[in-house]
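Visitor: Here is a sequence together with a model predicted from it:
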Amino acid sequence: MNIILLGPPGAGKGTQAQILMEERGMVQLSTGDMLRAARTSGTEMGKRVAEVMDRGELVTDEIVIGLIREQLEKGSEGGFIFDGFPRTLAQADALGALLDETGETLDRVIELSVNDEVLVDRIVNRAKEAVAAGGTARADDNAESLKIRLMEYYKKTSPLIGYYYAKGKLVRVDGLGEIEAVRGEIAAIVD
Ligand code: ADP
């Protein structure tokens, strides 16, 4: 079973991906996490990525497709959860081609739907909690970058809802529910 978790920043994709990994042995492929790892590598690519991410913009398709390709080649018995990828139509096409090459299929695209006010609250809280716990907030978890991340989502990523609907893959889940309720809805889809 290979699935995509689709939804704006703060919709809860990472939380649900974590649960799916623990409960089902699926492998989460989060391009956000991969890029955060790349930016600490000290390479030229890492530096460029850091600047783009902190502004809240999308990094190039080429970079993220390369990251995903490397991981897909490793395979996963329990299946993959694509979290934060694809984010553009070009990435979606590339994912289709990569899965074809490895003989895999994309089973479901789960859209976590939420409204913008909730997103802003969640992200601002995530930043506050990180600081309260003695850590630091993600550099892109601030109001300015969030506005840009949301705009990027609506301009570049939300067309994927129609794209996967047309392919008969889309299932919508109400992302506003409690974590446990969302987990249950997703479990019913994945089972
Ligand atoms: P969130 O879901 O909270 O926006 P992510 O961790 O998924 O956070 O992504 C953080 C940032 O990493 C994005 O704002 C973007 O700059 C970059 N990024 C992650 N995934 C992609 C992708 N598939 N394509 C382009 N940029 C990406």
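Guide: Happy to help now that I have it. Keep in mind that what you see is a predicted model, and the values were worked out from it rather than measured. Numbering: from 1, shown residues only.

Visitor: all contacts plus neighbour counts: C-alpha atoms, from now on.
Guide: Noted.

Visitor: count of neighbours near residue 163?
Guide: 15 (other C-alpha atoms under 10 Å).

Visitor: Please name every helix or strand in contact with the helix or strand where it lies.
Guide: In this structure, residue 163 sits in helix 159-166 according to DSSP states H and E. Packing partners of helix 159-166 (3 or more C-alpha pairs under 8 Å, 6 or more residues apart in numbering; DSSP states H and E): helix 89-102.

Visitor: which strands and helices sit next to the helix it packs on?
Guide: helix 61-72, helix 159-166.

Visitor: Show me what the helix or strand just after the shortest one pairs with in its sheet, parallel or antiparallel.
Guide: Sequence-wise, the next helix or strand downstream of helix 159-166 (DSSP H and E) is strand 170-174. In the sheet, strand 170-174 lines up against strand 108-113 (parallel) (DSSP bridges).

Visitor: Next, the angle from the partner strand to helix 159-166.
Guide: 140 degrees (axes from the mean of the first three to the mean of the last three C-alpha atoms, to 10 degrees).

Visitor: So strand 108-113, near the ligand or not?
Guide: No. Judged by C-alpha under 6 Å from any ligand atom, strand 108-113 and the ligand are separated, with a smallest distance of 11.4 Å.

Visitor: next SSE after that strand?
Guide: By DSSP H and E, the next helix or strand past strand 108-113 is helix 116-132.

Visitor: quick one: buried residues of that following helix?
Guide: Buried residues in helix 116-132, counted by 16 or more other C-alpha atoms under 10 Å: 119-120, 122-124, 126-127.

Visitor: so how far is the helix or strand of the chain with the lowest mean pLDDT from its chain's centroid?
Guide: When the helices and strands of the chain are scored by mean pLDDT, DSSP states H and E, helix 116-132 comes last with a mean of 88. Relative to its chain's centre, helix 116-132 lies at 17 Å (C-alpha atoms, centre = their mean, to the nearest Å).
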